[in-house]
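S.K.: Need a 3D model of the following:
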Amino acid sequence: MGRPHSLSPFGAKKKMNQESHQRLEKTPAVKLGPDIKAKIGMQLRLMYGEVVELGVPDRFVRMLKRLDDRNCEAR
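M.R.: Numbers count the residues shown, from 1 in each chain. Below you'll find the predicted structure:
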């Protein structure tokens, strides 16, 4: 005897996704003030600044150049 569709794990997951989507539509967007945005930006720069300063490793640069060369040849 099979399970009724309403008890199917796939049907339940689909219904939960629809319900969460409806809740998101009803939730008003949060407005951030300029001071909060500036603080978030500052924190992100602190977190990722070191990564940016490291630059792209030479092996990736060589790989990208090879890919570009192949793309030029294909045209």
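S.K.: which outside residues touch stretch 33-45?
M.R.: Leu32 (Cβ atoms under 8 Å, 6 or more residues apart in numbering). The C-beta positions use only the backbone N, C-alpha and C, and glycine is treated the same way.
S.K.: mind checking the longest helix of the chain?
M.R.: The longest helix of the chain (DSSP state H) is helix 34-54.
S.K.: After it, which helix or strand is next?
M.R.: helix 58-74 (DSSP states H and E).
S.K.: tell me the mean pLDDT for that next one?
M.R.: Mean pLDDT, helix 58-74: 85.
S.K.: ok, now stretch 42-49?
M.R.: 91.
S.K.: quick one: buried residues of that stretch?
M.R.: Neighbour counts over stretch 42-49 (16 or more other Cβ atoms under 10 Å) mark no residue as buried.
S.K.: got the CA coordinates for it in PDB?
M.R.: The C-alpha trace of stretch 42-49 is given here as PDB (Å, rounded to 0.1, in the frame of the first residue of the first chain):
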ATOM      1  CA  MET A  42      34.400  48.300   7.000                       C
ATOM      2  CA  GLN A  43      34.100  44.900   8.500                       C
ATOM      3  CA  LEU A  44      34.000  43.200   5.100                       C
ATOM      4  CA  ARG A  45      37.200  45.100   4.000                       C
ATOM      5  CA  LEU A  46      38.900  44.000   7.200                       C
ATOM      6  CA  MET A  47      37.900  40.400   6.700                       C
ATOM      7  CA  TYR A  48      38.800  40.100   3.000                       C
ATOM      8  CA  GLY A  49      41.400  42.800   2.600                       C
END
